[in-house]
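**Student:** The following comprises the amino acid sequence and a computationally predicted model.
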Amino acid sequence: MRPFRQPLVAATLALSLAACGPQETSQPAVSAPVEDTRTPAQREAERTPYALDAAFARAGQDFGVPADLLKAIAHAETRFEMIQGHEEFPGMPAASGLMALRGENLVEGARLAGVSVEAARTEPEANIRAAAALLGAWAQAEGIAREDVGAWAPVVVRLSGITHPEAQAQYVHRNVYGVMREGVVAQTPAGDVAVSLMPSQVQAQFASPSVRAQAAGPDYAAAIWRESLNYNARPTGAGGGVQVVVIHTCESSYASCWSWLVNKDSGVSAHYVVNESGSEISQLVSEASRGWHVGATYVSSLNGDQMTHLEGTSVNNFAVGIEHGGSASQTSFPAGQIEASAKLTCDITRDNAVPRDAFHIVGHGKLQPYNRTDPGANWPWTQYIARVKEICGDPLIVDSDNAFNDAARASFTVPSTWTGSSGTAGYYGSGYFFGNTASGATDPAVFSFYSATAGTKTIDAWWTQGTNRSAAAPFEFVNAAGTLVKTVKANQQTGGGVWNTLGTFTVTVGWNKVRLSRNTTTGFVVMADAIRVR
């Protein structure tokens, strides 16, 4: 048997989770993130794709559990990924493996399956077998007819750990038994079939989800209002209001996530939860209220030295939190989930006048790095923020740091003769580049942007000012055909820290460019920071 670690491409949208949880406590001393105790050999093995169908079949046969039910649970919980979760909420142990086994379930399942807890946590087939052994034992104790797949619903709920009745019904009918009715085929990156679940007409023998009319969210009409009592009032003045959006992942399924956050005894909440496919969003707390989703005080040095006026205050005072069904260790996030989340973030930032950039739309792990990693290394930050801006109709910005550019629409190139810096305040993004002026220099810094249509665009530039800056910095506009349309000479000794209009130009279809040349009066520097296309 070869373990599986690579992402699977499913016919239905994949999901992703991440570590979250605010805990209304003061910030503890900084400590290292949870250590990955897997050996190099185990990590290497987990990256090797293999066919999981046989593993599900063997476990189902050995422990008397329908193999299709095991597959459906794995899809509902992890989209067939071997996650290595973290504890995101106090009282909710970390989930592990394809089956998202937690706490005592992991330990008891491993015992019943005859495998070590470490194997059940890190090896795909051992993880499947541990879940199957646990389900089989519960089914036997409850007298469930093994061949009646619909009758297994109560033990499916038990394995999930969900206690909220509405969330239980949603999880069983829409997620686990829903995928059995629809079917799913998951492939390895090489295109081989890893898991195949054929559609069936099976119906869960479990109370159905409520059909009552559900109220829309008070701040986002596309959301369902599921009120949590875990909130309090935001402070007034400069330290309150909504100033950032914090992206989280639940380390659990959507139903498990929102049901935990509305549980008064959990002591945690977020403002929103987005499900794995993006088809449903729950609003739990009003944006005007202080949700309990980040257990840290604000440290500006963790966030590009931005918003220093908030230093040392609780992040919850000024943040809106968005949870996402999935895990921080997930290798990818479903397109539908990202799109739904981007629409929501656009709405929040627009209503609350929050800047749409990487310092005001941030990950939980960035603000609380000592014990949180969500939304994980694979959250598509550049594309996500670019999509939020696009939905909100923002102008396209080309930054001198490509980490902030959507490669499909914007890029920046700079020769080695230029120097990167963040020494002068007032720069855009993470810093800027400067070049010494030199007569005849032919090595410009280049801001490129893609236009799908021809037309006119107004272009602005951002720089930091200083007496050593050129008073005639040459900005050259070049269309997609490579034609130099116009050169504009800008005085960079003034206008620092704001957008300065270079002019309106005719763009052509393709990659147009704004080149900043060093070819001007010697003895100065020219500043390449960012341009805006509107």
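**Tutor:** Looks like it arrived, so ask away.
**Student:** Strands along the stretch 101-250 of the chain, start to end?
**Tutor:** For the stretch 101-250 of the chain, applying DSSP state E, counting those that start in this stretch gives strands covering 101-102, 184-187, 193-197, 224-225, 231-233, 244-247.
**Student:** ditto for the stretch 301-450 of the chain
**Tutor:** 319-324, 361-363, 396-399, 410-413, 419-421, 432-436, 445-451.
**Student:** Include mean neighbour count when you put these into a markdown table, please.
**Tutor:** In this view, the C-beta of every residue, glycine as well, is placed from N, C-alpha and C. As requested, the strands of the stretch 301-450 of the chain are exported to a markdown table (neighbours: other CB atoms under 10 Å):
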| stretch | mean neighbour count |
| --- | --- |
| strand 319-324 | 30 |
| strand 361-363 | 23 |
| strand 396-399 | 24 |
| strand 410-413 | 18 |
| strand 419-421 | 13 |
| strand 432-436 | 23 |
| strand 445-451 | 21 |
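**Student:** In a markdown table, list those along with mean pLDDT.
**Tutor:** Below are the strands of the stretch 301-450 of the chain laid out as a markdown table (pLDDT from 0 to 100):
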| stretch | mean pLDDT |
| --- | --- |
| strand 319-324 | 98 |
| strand 361-363 | 98 |
| strand 396-399 | 96 |
| strand 410-413 | 97 |
| strand 419-421 | 97 |
| strand 432-436 | 98 |
| strand 445-451 | 98 |
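**Student:** Of these, which is nearest A141?
**Tutor:** strand 319-324 (34.0 Å; CB to CB).
**Student:** Let me see the residues that make contact with that closest one.
**Tutor:** 16-18, 20, 22, 242-250, 257-258, 261, 269-274, 276, 287, 291, 293-294, 333, 337, 341, 344-345, 348, 352, 364, 375 (CB atoms under 8 Å, 6 or more residues apart in numbering).
**Student:** Using TSV, lay out the strands of the stretch 301-450 of the chain together with distance to A139.
**Tutor:** Output for the strands of the stretch 301-450 of the chain, formatted as TSV (distance: least, CB to CB, whole Å):
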stretch	distance to A139
strand 319-324	32
strand 361-363	40
strand 396-399	56
strand 410-413	55
strand 419-421	62
strand 432-436	63
strand 445-451	56
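**Student:** of those, which approaches H309 most closely?
**Tutor:** Nearest of these (CB to CB): strand 319-324, 14.5 Å.
**Student:** Mind pulling up the pLDDT for H364?
**Tutor:** On pLDDT, H364 comes in at 97.
**Student:** where's it relative to N512, distance?
**Tutor:** For H364, the distance to N512 (CB to CB, to the nearest Å) stands at 37 Å.
**Student:** From the neighbour counts alone, determine which of the two ranks first.
**Tutor:** Comparing H364 with N512 by neighbour count (other CB atoms under 10 Å), the higher total belongs to H364, at 33 against 24.
**Student:** Quick check, P444 in contact with K513.
**Tutor:** No - P444 is beyond contact range of K513, at 9.0 Å (criterion: CB atoms under 8 Å).
**Student:** what residues are shared contacts of the two?
**Tutor:** The contact lists of P444 and K513 share E476, where a contact means CB under 8 Å, 6+ apart.
**Student:** So which residue is dead centre in the protein?
**Tutor:** Nearest residue to the geometric centre of the chain (CA atoms, centre = their mean): W379, 4.0 Å.
**Student:** ok, back up a step: and the contacts of strand 319-324, which of them are in helices?
**Tutor:** C257, W258, L261, Q337, S341, L344, T345, I348, N352, H364 (DSSP state H).
**Student:** so which of these comes closest to E280?
**Tutor:** For the ones in helices among the contacts of strand 319-324, the nearest to E280 is W258 (9.5 Å; CB to CB).
**Student:** Is T456 bridged to anything, and to what?
**Tutor:** T506 (DSSP bridges).
**Student:** ah, wrong one, I meant I531
**Tutor:** Applying DSSP bridges, one finds that I531 bridges with V398, A461.
**Student:** Run a quick check on it versus D460, I expect a contact.
**Tutor:** Yes - here I531 reaches D460: they are 6.6 Å apart, a contact under CB under 8 Å.
**Student:** in the strand or helix carrying T458, what's buried?
**Tutor:** Taking DSSP states H and E as the definition, one finds T458 inside strand 455-462. Neighbour-count burial for strand 455-462, with 16 or more other CB atoms under 10 Å as criterion, is recorded at K457, I459, D460, A461, W462.
**Student:** can you list the weak-confidence ranges in the stretch 51-200 of the chain?
**Tutor:** The stretch 51-200 of the chain contains residues with pLDDT under 70 at 189.
**Student:** re the thing from before, and the ones in helices among the contacts of strand 319-324, which two are furthest apart?
**Tutor:** Largest pairwise distance in the ones in helices among the contacts of strand 319-324, by CB to CB, is 23.4 Å, between C257 and N352.
**Student:** Which of these two has more residues huddled nearby?
**Tutor:** Neighbours per residue (other CB under 10 Å) separate C257 from N352, with C257 holding more: 31 against 16.
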